[in-house]
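Visitor: Got a predicted model here, sequence first, then my questions.
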Amino acid sequence: DAGVTQSPTHLIKTRGQQVTLRCSPKSGHDTVSWYQQALGQGPQFIFQYYEEEERQRGNFPDRFSGHQFPNYSSELNVNALLLGDSALYLCASSPGRVDSYNSPLHFGNGTRLTVT
Amino acid sequence: DAKTTQPPSMDCAEGRAANLPCNHSTISGNEYVYWYRQIHSQGPQYIIHGLKNNETNEMASLIITEDRKSSTLILPHATLRDTAVYFCIRNEKLTFGTGTRLTIIP
């Protein structure tokens, strides 16, 4: 049973460019969350998708957007990249309703984005 | 404030029990306490979670105080592979905080 898979594993972009990161949730999971983790910091919540809609959002600008597809996979898009966007981007999936507090997150190993 | 408070680092001898504390004094009645750990360059791994009662699984035990303002994660027989950053989360959808870097000493 495949867990959460993310692609690509590493990515280098130039300031001002746009990037798309992809995530396939664990089998049986229908909720996908995205996190940004800067070096030496804990993961910071970006947003969460359920039933193809953004349900919750953290304190991130509109340059960060996402999408969830009917098969529950998800994309994270970042426009007008800044040097400060360099980080590990983590995708996590969970089963059940988005407002359930009793649903552990299953994380992928992330995409390492470097902005130069 | 949705954050939790953890010591930045701890050491534990191999084979001994590792006890990792977490303060979550503003936790609300329906929020669970979750613990995750992260080994370098990997995604966080779920360990255990609980609401009011103490919990145990194959990885660890979770002790939650009666007032729910703090909790302790117990790794009963620490091994070198338990060296990681451990995160205590009041609500896993929000900010993780910087966690506790646990080092198991041979």
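Guide: Cool, the structure landed.
Visitor: Please make it C-alpha for all contacts and neighbour counts, starting now.
Guide: Will do.
Visitor: where along chain B do the strands fall?
Guide: In chain B, the strands defined using DSSP state E lie at B:9-13, B:18-23, B:33-38, B:45-50, B:55-56, B:61-64, B:70-75, B:84-89, B:100-105.
Visitor: Tell me which of those lies nearest to A:K26.
Guide: strand B:45-50 (13.5 Å; C-alpha to C-alpha).
Visitor: The residue lying closest to A:L76 once chain neighbours are set aside: how many residues sit nearby?
Guide: Nearest residue to A:L76, sequence neighbours excluded (C-alpha to C-alpha, 6 or more residues apart in numbering or on different chains): A:G66, at 4.5 Å. Using other C-alpha atoms under 10 Å in any protein chain shown, A:G66 is surrounded by 22 other residues.
Visitor: right, and A:G66 touches A:S73 too?
Guide: No: using C-alpha atoms under 8 Å, A:G66 is not in contact with A:S73; the gap is 10.8 Å.
Visitor: hey, what's in contact with both of those two?
Guide: Residues within reach of A:G66 and of A:S73 at once, by C-alpha atoms under 8 Å, 6 or more residues apart in numbering or on different chains: there are none.
Visitor: What sits closest to whatever residue of chain B ends up closest to chain A if chain neighbours are left out?
Guide: For chain B, the residue closest to chain A is B:G43, as judged by C-alpha to the nearest C-alpha, at 4.2 Å. Nearest residue to B:G43 in three dimensions, chain neighbours excluded: A:N109, at 4.2 Å (C-alpha to C-alpha, 6+ apart).
Visitor: Wasn't that neighbour part of a helix?
Guide: No: per DSSP: H, G, I helix; E, B strand; the rest coil, A:N109 lies outside any helix segment and is coil.
Visitor: Quick check, it in contact with B:H40.
Guide: No: contact criterion C-alpha under 8 Å: A:N109 and B:H40 do not qualify, at 10.2 Å.
Visitor: higher neighbour count, these two?
Guide: Neighbours were counted for A:N109 and for B:H40 using other C-alpha under 10 Å; A:N109 has more, 22 against 10.
Visitor: Per-residue pLDDT of the more buried one, please?
Guide: The model reports A:N109 with a pLDDT of 96.
Visitor: residues contacting it?
Guide: A:T5, A:Q6, A:L90, A:C91, B:S41, B:Q42, B:G43, B:P44.
Visitor: again, only this time at 7 Å
Guide: Contacts for A:N109 (C-alpha atoms under 7 Å, 6 or more residues apart in numbering or on different chains) come out as A:L90, B:Q42, B:G43.
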